[in-house]
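# missing the sequence, but the structure's below:
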């Protein structure tokens, strides 16, 4: 989709990796995942006929690839971890504790 607002940081020359419709928080969005040489862009369009209105998240390419690999390299699995909070895209494992095992463990100082 053509992004007209330059202030979003979404590269106009990005390569689209995935585009399909998905139900996220009871709203059907056109989900587009794209990348350039250093970043991955996730754009959610609630109305694909109005591409100026969208929610976006920009990740470094390494983090985006790691999150995709954590979901077995399947875009649909990764998109199932998306939610919308306060009008912004929330990705489990990136914004929240999600599947990060380091955040699930705690150290008891009495056992040291």
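Right, received. Where do you want to start? Keep in mind the model is a prediction, meaning the values are calculated, not measured.
# can you give me the helices in the chain?
61-70, 75-79, 101-104 (DSSP state H).
# okay, now residue 71: neighbour count?
17 (other Cβ atoms under 10 Å). The C-beta positions use only the backbone N, C-alpha and C, and glycine is treated the same way.
# That one against residue 82, yeah?
No - using Cβ atoms under 8 Å, residue 71 is not in contact with residue 82, being 10.8 Å away.
# which residues touch residue 91?
Residue 91 makes contact with 42, 57, 67, 81-82, according to Cβ atoms under 8 Å, 6 or more residues apart in numbering.
# among those residues, who's most crowded?
residue 42 (23 neighbours).
# Now it. Nearest residue, chain neighbours left out?
Spatial nearest neighbour of residue 42, excluding adjacent residues (Cβ to Cβ, 6 or more residues apart in numbering): residue 57 at 4.6 Å.
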